[in-house]
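Enquirer: Test case, fold it:
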Amino acid sequence: AFSMVNARVKVTLFWTLILIACFPVWWTTTAVYRAEVQGTLEGGSIEKPLEVLLQVKVISGLSVDKLDSSLRSIPLVPNPNKYNLAVVPKVSSLQALPPNLESSDALDEWYLKSVDHSTTTHITIFIAEKPISTPKIHFGKHNHLWVDIPPKQTEKSIAKLISVVVTNILVEPDTTRSEEELSMIQAKYDTRYTISFTLANANPASVKGWDFLSAASEHLDPILSSLSKLVKLSVNSQVIHYTFLGGPRNLQPHKDNAKNNFYFQGSELSYIVDPNAWNLDFVADPSETLLNFVLYVPEKRFSPLYIRTSEGENSKTNGFLIPQWGGMVIVNPDDSTSGLLSSETITPAFRVFLSQLREFFAIPSFERRIRTLQTKLKEASLSGNVEILPSLNGVSEWEINAVMLQRLRTAQRSSQDTLRQFGRVMEKLPGIPLHDSTAKLVNQAVALLHKVEISLLSGDYESALASAKDAYLKAETAFFDPDMLALLYFPEEHKWAVYLPLFLPLWFPLFGNLSTEFKRYRKRQTRRKPVSDRLVLEKVPLSLPSRYL
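Expert: The predicted model follows:
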């Protein structure tokens, strides 16, 4: 009997020790691996205002010291918390203008030669006193502007004028629109874009294709070259036949018998446009943002086709913008057109594409800029005429700098928001693994954001933008790591739901046997004690004499 009890105890203890020893092994092998993330996921503060670096030169008639003091004391309105005005270096004087310079183009070239390129600035402002009654602001083709002021203007009023100009043109180019409106129109922020140009031809009997290369070389290459300083761009073109307007409702154009043409109302554009039915089967890189620009040739029976404005007139551009998707222009070729659409025929359409591309990259038209600035000058109790010289590249250097400031702030904010969300996801969902490659991307993104702040302190905005773009890419890549997404919605309770039905049935008999053997052991120990010891433990009744009762 003793040998049987001993064997039973040994078997029970053996399997109990086996399970206890295997538990750490199982826990280690099923644990979620998480690499170490160095540093903070906050990536610095985004509330630090960016400094707009100005170089101011006075030609005559003003006190250099007073103007310098006034410029440094006036904040940028209406967003002093986003940007600071910094004059680098101190306001200086310049020689008088040559007497033979009369045209704006000639003045623009002369001022360009006077720009100090050794100093890193966003824009150079020249101030000249002239016999005029109202200030006039000239925006050059490059990275400078000049302001003609009437005599006896105070330095404070000039500084206030410059502050309004810088705020509403150089750092906030479209203050007439809310941020919600701008976000709806502008292309989604990205570091790489694919621009697709499509000839949607509903009249293949007459039109076979288009001279895209010549038109693109003349109108697109200059602006794409300028924008390449900010983003990576790739361009593609295609021709699609038998593409018709009308949309899901299959609307037909209205006929104007008086003018012998056809038209769609501007209010009908949301119904006639159906990009999904246009068979734009160009597949872009999913990591890049796609912008579509469509040149539409209508059917012969609906030609010429126009877009009618709310005033009852035909649209001058005969095109329209589709927010965050692209743009479209309707072209009505001559009856004599056959084969390819020539570069001369599609040049007006490409000029419209150029203005639409500017809108997508937050570069408003000159007309809107002028209206905005004149409105803001009136609100500040100032007056002034505005002239903007068009650049041969389709976008001026000062416009590129304004976009650079905006994209720098957007890239910095987006990177930090992504890293914060990454940290929250890792904290709330402990079942998500964090591999070494993903942790490395996060660490690099955090380091790049710190590098952005260092570049901003030194005024090197190009390096800051490059670091911010790299940080954005690495943060987005880490956040959307497919190895993490596979277990993104795998809760911790599932682990217990899977393993408990396997191990719990084994633990019950073991614990039951252990409890039984322990009780038997106690019972055997009690039986082995001497009788005298057991009597001591017995209860002895207490009897008292009756006199105490």
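Enquirer: and residue 56, that's in a strand?
Expert: Yes. Assessed with DSSP: H, G, I helix; E, B strand; the rest coil, residue 56 lies in a strand.
Enquirer: I'd say it and residue 123 touch.
Expert: No. The criterion here is Cβ atoms under 8 Å, and residue 56 misses it with residue 123 at 9.7 Å. Glycine gets a C-beta too; all of them are placed from N, C-alpha and C.
Enquirer: so where does the closest residue to residue 396 other than its chain neighbours fall, helix or strand?
Expert: If the residues on either side of it in the chain are set aside, residue 396 comes closest to residue 141, at 5.6 Å by Cβ to Cβ, 6 or more residues apart in numbering. Residue 141 is part of no helix or strand, with elements assigned from DSSP states H and E.
Enquirer: Please give me every residue in contact with residue 141.
Expert: Contacts for residue 141 (Cβ atoms under 8 Å, 6 or more residues apart in numbering) come out as 108, 389-392, 396-397.
Enquirer: Which one of those residues is nearest to residue 372?
Expert: In terms of Cβ to Cβ, no member of the contacts of residue 141 lies closer to residue 372 than residue 396, at 16.0 Å.
Enquirer: now that closest one: how far from residue 320?
Expert: Using Cβ to Cβ, to the nearest Å, we find residue 396 at a distance of 26 Å from residue 320.
Enquirer: for the record, mean pLDDT for stretch 234-249?
Expert: Averaging pLDDT along stretch 234-249 gives 83.
Enquirer: Over to that stretch now: how far is its first residue from its last?
Expert: Its start and end residues considered, stretch 234-249 measures 34 Å (Cα to Cα, to the nearest Å).
Enquirer: Please state the mean pLDDT value computed over the longest helix along the chain.
Expert: Longest helix in the chain by number of residues, with DSSP state H as the criterion: helix 492-527. Looking at helix 492-527 alone, the average pLDDT works out to 77.
Enquirer: which parts of that helix are buried?
Expert: 510, 513 (16 or more other Cβ atoms under 10 Å).
Enquirer: for it, packing partners?
Expert: Where contact means 3 or more Cβ pairs under 8 Å, 6 or more residues apart in numbering; DSSP states H and E, helix 492-527 is packed against helix 2-30.
Enquirer: Just want the angle from the helix it packs on to helix 492-527.
Expert: 160 degrees (axes from the mean of the first three to the mean of the last three Cα atoms, to 10 degrees).
Enquirer: Start from the N-terminal end of the stretch 1-150 of the chain and give the strands.
Expert: 50-58, 83-87, 92-93, 123-129, 136-139, 144-149 (DSSP state E, counting those that start in this stretch).
Enquirer: what's the last one in contact with?
Expert: Read that as strand 144-149. Strand 144-149 has contacts (Cβ under 8 Å, 6+ apart) with 61, 107, 111-112, 115, 123-130, 132, 135-140, 158, 161-162, 165, 398.
Enquirer: Type out the ChimeraX command that picks the buried ones from those residues.
Expert: Buried members of those, defined by 16+ other Cβ under 10 Å, are picked up in ChimeraX with:
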select :107,111,115,123,124,125,126,127,128,129,135,137,138,139,140,158,161,162,165,398
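Enquirer: which stretches of the stretch 51-200 of the chain have low pLDDT?
Expert: For the stretch 51-200 of the chain, the stretches flagged by pLDDT under 70 are 61, 75-85, 88-89, 117-121, 172-179.
Enquirer: now the helices: where do they sit in it?
Expert: Using DSSP state H, counting those that start in this stretch, the helices assigned to the stretch 51-200 of the chain run over residues 64-73, 104-113, 155-165, 179-185.
Enquirer: any idea which of those is most buried?
Expert: The highest average neighbour count among the helices of the stretch 51-200 of the chain, using mean count of other Cβ atoms under 10 Å, belongs to helix 155-165 at a mean of 20.
Enquirer: helices and strands around that one, which ones?
Expert: Counting contacts by 3+ Cβ pairs under 8 Å, 6+ apart, the secondary-structure elements packed against helix 155-165 are helix 64-73, strand 144-149, helix 366-379.
Enquirer: so where's the stretch 351-500 of the chain uncertain?
Expert: Residue ranges of the stretch 351-500 of the chain with pLDDT under 70: 485-492.
Enquirer: redo that, cut-off 90
Expert: With pLDDT under 90 as the threshold, the stretch 351-500 of the chain has low-confidence stretches at 359, 361-384, 390-410, 412-414, 416, 420-438, 453-464, 478-500.
Enquirer: Neighbours of residue 405, how many?
Expert: Under the neighbour criterion other Cβ atoms under 10 Å, residue 405 is assigned a count of 21.
Enquirer: ok, now which ones touch the closest residue in space to residue 360 that isn't next to it in sequence?
Expert: Nearest residue to residue 360 in three dimensions, chain neighbours excluded: residue 187, at 4.2 Å (Cβ to Cβ, 6+ apart). Neighbour list for residue 187: 193, 289, 291, 324, 360-361 [criterion: Cβ under 8 Å, 6+ apart].
Enquirer: Now these in JSON lines, please, with extra columns for distance to residue 36.
Expert: Formatted as JSON lines, the entries for those read as follows, by distance: Cβ to Cβ, whole Å:
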{"residue": "193", "distance to residue 36": "35"}
{"residue": "289", "distance to residue 36": "33"}
{"residue": "291", "distance to residue 36": "40"}
{"residue": "324", "distance to residue 36": "39"}
{"residue": "360", "distance to residue 36": "41"}
{"residue": "361", "distance to residue 36": "39"}
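Enquirer: Give me the buried entries from those residues.
Expert: When the contacts of residue 187 are checked against 16+ other Cβ under 10 Å, the ones flagged as buried are 193, 289, 291, 360-361.
Enquirer: Spatially, which two of the residues you listed are the most separated?
Expert: Considering Cβ to Cβ, no two members of these lie farther apart than 289 and 361, which are separated by 11.3 Å.
Enquirer: Contact partners for the residue most central in space within the chain?
Expert: To find the centre residue of the chain, average its C-alpha atoms and take the closest one (Cα atoms, centre = their mean): that gives residue 189, at 3.0 Å. With contacts defined as Cβ under 8 Å, 6+ apart, the neighbours of residue 189 are 407, 410-411, 414.
Enquirer: Going through those, which ones are buried?
Expert: Using 16+ other Cβ under 10 Å as the threshold, 407, 411, 414 are the buried ones among the contacts of residue 189.
Enquirer: Out of those residues, list just those in helices.
Expert: Among those, the residues falling in helices (DSSP H) are 407, 411, 414.
Enquirer: From these, pick the one nearest residue 222.
Expert: residue 407 (19.8 Å).
Enquirer: Quick check, the closest one in contact with residue 465.
Expert: Yes. A contact is recorded between residue 407 and residue 465 when judged using Cβ under 8 Å, the distance being 6.5 Å.
Enquirer: overlap in contacts of these two?
Expert: Among the neighbours of residue 407, those also in contact with residue 465 (Cβ under 8 Å, 6+ apart) are residue 230.
Enquirer: Enumerate every residue touching residue 135.
Expert: With contacts defined as Cβ under 8 Å, 6+ apart, the neighbours of residue 135 are 147-150, 153, 161, 382-385.
Enquirer: switch to 10 Å and redo it
Expert: Listed by Cβ atoms under 10 Å, 6 or more residues apart in numbering, the contact partners of residue 135 are 127, 147-150, 153, 157-158, 161, 165, 377, 382-386.
Enquirer: Just the closest of those to residue 499, please.
Expert: Of all the contacts of residue 135, residue 165 has the smallest distance to residue 499: 68.7 Å, by Cβ to Cβ.
Enquirer: Keeping just the C-alphas, turn stretch 263-272 into CSV.
Expert: Coordinates of the C-alpha atoms in stretch 263-272 are reproduced here as CSV (Å, rounded to 0.1, in the frame of the first residue of the first chain):
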residue,chain,number,x,y,z
TYR,A,263,-23.6,74.3,-73.1
PHE,A,264,-23.8,72.9,-69.7
GLN,A,265,-24.8,75.0,-66.7
GLY,A,266,-22.1,75.5,-64.1
SER,A,267,-24.5,74.1,-61.5
GLU,A,268,-24.7,70.9,-63.5
LEU,A,269,-21.0,70.1,-63.4
SER,A,270,-21.4,67.9,-60.3
TYR,A,271,-23.9,65.8,-62.2
ILE,A,272,-22.1,65.5,-65.6
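Enquirer: All good on my end, thank you.
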